[in-house]
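Colleague: Got a sequence here, can you model it:
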Amino acid sequence: MQLMQVTDCDLDSFCTWLCQREHEIVGRPGMVYYCPLAQWLSERSGHIYGVESKVYGRATCAYHCWRLLPRWAEVFVAWSDVLAFRPVTGGEALVLLASVELALRVVSNDTLPIG
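Modeller: Numbering: from 1, shown residues only. Alright, predicted model coming up:
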């Protein structure tokens, strides 16, 4: 069984998906199979995907076989816990994702060598 791969390049695709659903409910953060990232993965792949903490995988796969999320997705999932268990729109998730992108950009700039 082939698992879908989520990479740094998928950030733009997830962002586009959220933009297209700005006023629609895109998931419920804090719920493994219903958080926005899991909903996007499921829609994209045609299979039910779950997302928990730092990992993601198909519902039919054993949890120990799930893969690590890229850093942007891991931070998005962690930060979305402030919205846990309530329905969120694409617009709300997009605001959160923009905050994640900004924070990661600041962190990566802080770690660049000077000079």
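
Colleague: going forward, measure contacts between C-alpha atoms and count neighbours the same way
Modeller: Fine.

Colleague: ok, D10 to T60 distance?
Modeller: 23 Å (Cα to Cα, to the nearest Å).

Colleague: Those two: who's more crowded?
Modeller: Remark: of D10 and T60, D10 carries more neighbours, 14 against 11, as counted by other Cα atoms under 10 Å.

Colleague: Contact partners for that one?
Modeller: Contacts for D10 (Cα atoms under 8 Å, 6 or more residues apart in numbering) come out as none.

Colleague: at 10 Å instead, please
Modeller: Neighbour list for D10: T16, P70, W72, A73 [criterion: Cα atoms under 10 Å, 6 or more residues apart in numbering].

Colleague: By neighbour count, which of the residues you listed wins?
Modeller: In those, the most neighbours by other Cα under 10 Å go to A73, 26 neighbours.

Colleague: SS state for that residue?
Modeller: helix (DSSP: H, G, I helix; E, B strand; the rest coil).

Colleague: so it touches L97, yeah?
Modeller: Yes - using Cα atoms under 10 Å, A73 is in contact with L97, at 8.8 Å.

Colleague: Thanks a lot, see you next time.
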